[in-house]
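Chemist: sequence? don't have it. structure:
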C-alpha cells in the first residue's frame with residue numbers, strides 16, 4: 001500500500017509554529033518514502049472560518065516550501081456527501097437527536113459526581129437514561145428547537161455485538177517509528193456530536209469520510225487528537241471504511257510552557273516572515289531537518 005498523508009487545517013486564524021511542525025512533518029514523511037502529501041481545508045464551521053485565513057494558509061505553506069496536488073478539497077463544498085454518510089448511520093440506528101444544550105449537559109454533570117468528566121469535545125455525554133418518545137421528538141422538531149445528531153455508543157455496541165470489543169487501530173510511535181496495535185475504546189468519549197440541525201456533519205464525521213475518500217493511509221496529527229482516534233475507528237467500522245495507521249506527534253510549546261495557539265499573533269508564520277525569519281529558520285526552530 002502506498003504512503004499517503006495530509007495536512008488538514010481549519011481557516012479560523014493564522015497558522016503558527018505548531019501548525020508548521022505538523023505540516024512539515026507530514027510533508028517530509030511522505031517525501032522520504034516517495035509517497036503523497038495532500039492539503040485539505042476543514043472549513044465546515046461557517047461562523048469561524050474566513051476567506052482571508054484560508055488565503056493566508058496557502059501563502060504560509062508555500063513559503064515553507066510545501067507542495068500539494070490540486071484541486072484542494074474544501075469541506076464546505078461537500079456537505080451533501082457528509083449528509084449521506086450521516087443518513088447511513090441513521091439507517092443503521094446508531095445516531096439520535098439530542099436537544100440538550102452544552103450548558104444543560106454541563107449542569108447535569110455537576111449534579112452527578114460519577115459522570116466521566118471532560119473529553120476533547122468538552123463534557124462527555126453518555127446519552128439519555130431513556131430514549132425520547134417519538135411524540136416528544138416530533139413536537140420539539142415542530143417547535144423548531146435546535147438539536148445535535150449524536151453517535152450512540154450503546155446502539156453501536158448493540159449493532160456490532162462482540163465486534164465492538166475487537167475494534168483496533170495501529171499506532172506508529174512518533175519517536176522510534178515502531179508500530180503497535182491498540183484496542184479502540186470509543187466509550188471513553190461518550191456520545192459525540194456528528195452533526196447539527198443546520199449542519200449535516202462535524203469534525204469526527206467529515207474527517208473519517210475524507211480520509212477514506214482521499215486514500216489516506218497514514219494520519220499524522222497532534223497528540224491532542226489521539227483520543228478522537230477511538231471514535232474514528234468506530235465510525236470507520238460502521239461506515240465500512242478503511243482504518244489508516246495513526247501517528248500522533250508532540251505538541252510544540254512556547255517559553256512559558258503553553259501550547260502555541262492562533263491567538264498568539266506574534267508567533268504566527270506571517271508575523272515571523274515579516275520579521276525576516278526564513279523558512280529554514282522555522283525548520284531549525286521547531287526541530288526539523290532543513
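Modeler: In hand now; what should we look at? Every value quoted in this text rests on a predicted model; they were computed, and no experiment measured them.

Chemist: pLDDT of stretch 160-176, averaged?
Modeler: Stretch 160-176 shows an average pLDDT of 94 in the prediction.

Chemist: helix/strand/coil for the residue of the chain positioned farthest from its centre?
Modeler: In the chain, the greatest distance from the average C-alpha position (C-alpha atoms, centre = their mean) is reached by residue 135, at 34.4 Å. Going by DSSP: H, G, I helix; E, B strand; the rest coil, the secondary structure assigned to residue 135 is helix.

Chemist: cool, residue 177 as well?
Modeler: At residue 177 the chain is in coil, as set by three-state DSSP.

Chemist: Could you give the number of residues near it?
Modeler: By the other C-beta atoms under 10 Å criterion, the neighbourhood of residue 177 contains 9 residues. Where C-beta positions appear, they are placed from N, C-alpha and C, glycine not excepted.

Chemist: Likewise for the one 5 residues further on?
Modeler: The local packing of residue 182 (other C-beta under 10 Å) involves 16 other residues.

Chemist: need the next SSE after the helix or strand of the chain with the lowest mean pLDDT, C-terminal direction.
Modeler: Each helix and strand of the chain was given a mean pLDDT (mean pLDDT, DSSP states H and E); the minimum falls on strand 118-119 at a mean of 68. The first helix or strand that comes after strand 118-119 along the chain, using DSSP states H and E, is strand 122-123.

Chemist: what's the distance between the residue farthest from the centre of the chain and residue 202?
Modeler: Residue 135 is 28 Å from residue 202, where distance means C-beta to C-beta, to the nearest Å.

Chemist: repeat for residue 10
Modeler: If you go by C-beta to C-beta, the gap between residue 10 and residue 202 works out to 12 Å.

Chemist: More neighbours: which of the two?
Modeler: Using other C-beta under 10 Å as the criterion, residue 10 and residue 202 rank with residue 202 on top: 22 against 18.

Chemist: residues of stretch 77-93 that come out buried?
Modeler: 78, 81, 82, 85, 86, 89 (16 or more other C-beta atoms under 10 Å).

Chemist: Turn these into TSV, including distance to residue 277, pLDDT and secondary structure.
Modeler: TSV is the format used below for the buried residues of stretch 77-93 (distance: C-beta to C-beta, whole Å; pLDDT from 0 to 100; DSSP: H, G, I helix; E, B strand; the rest coil):
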residue	distance to residue 277	pLDDT	secondary structure
78	36	98	coil
81	39	98	helix
82	38	98	helix
85	41	98	helix
86	43	98	helix
89	46	98	helix
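
Chemist: And the pLDDT for the nearest residue to residue 40 once chain neighbours are set aside?
Modeler: The shortest distance from residue 40 to any non-neighbouring residue, by C-beta to C-beta, 6 or more residues apart in numbering, is to residue 8 (4.2 Å). With respect to pLDDT, residue 8 has a value of 98.

Chemist: contacting residues around residue 8?
Modeler: The contact partners of residue 8, by C-beta atoms under 8 Å, 6 or more residues apart in numbering, come to 39, 40, 41, 42, 207, 210.

Chemist: from these, which is closest to residue 243?
Modeler: Comparing the contacts of residue 8 against residue 243 with C-beta to C-beta picks out residue 207 as the nearest, at 12.7 Å.

Chemist: was I right about that closest one contacting residue 10?
Modeler: No: the pair residue 207 and residue 10 fails to qualify as a contact (C-beta atoms under 8 Å) at a distance of 10.8 Å.

Chemist: Show the pLDDT at residue 146.
Modeler: Reported pLDDT at residue 146 in the predicted model: 94.

Chemist: Skipping adjacent residues, who's closest to the residue nearest the centre of the chain in space?
Modeler: Nearest to the mean C-alpha position of the chain, by C-alpha atoms, centre = their mean, lies residue 203 at 4.8 Å. Sequence neighbours aside, residue 42 is the residue nearest to residue 203 in space, at 7.1 Å (criterion: C-beta to C-beta, 6+ apart).
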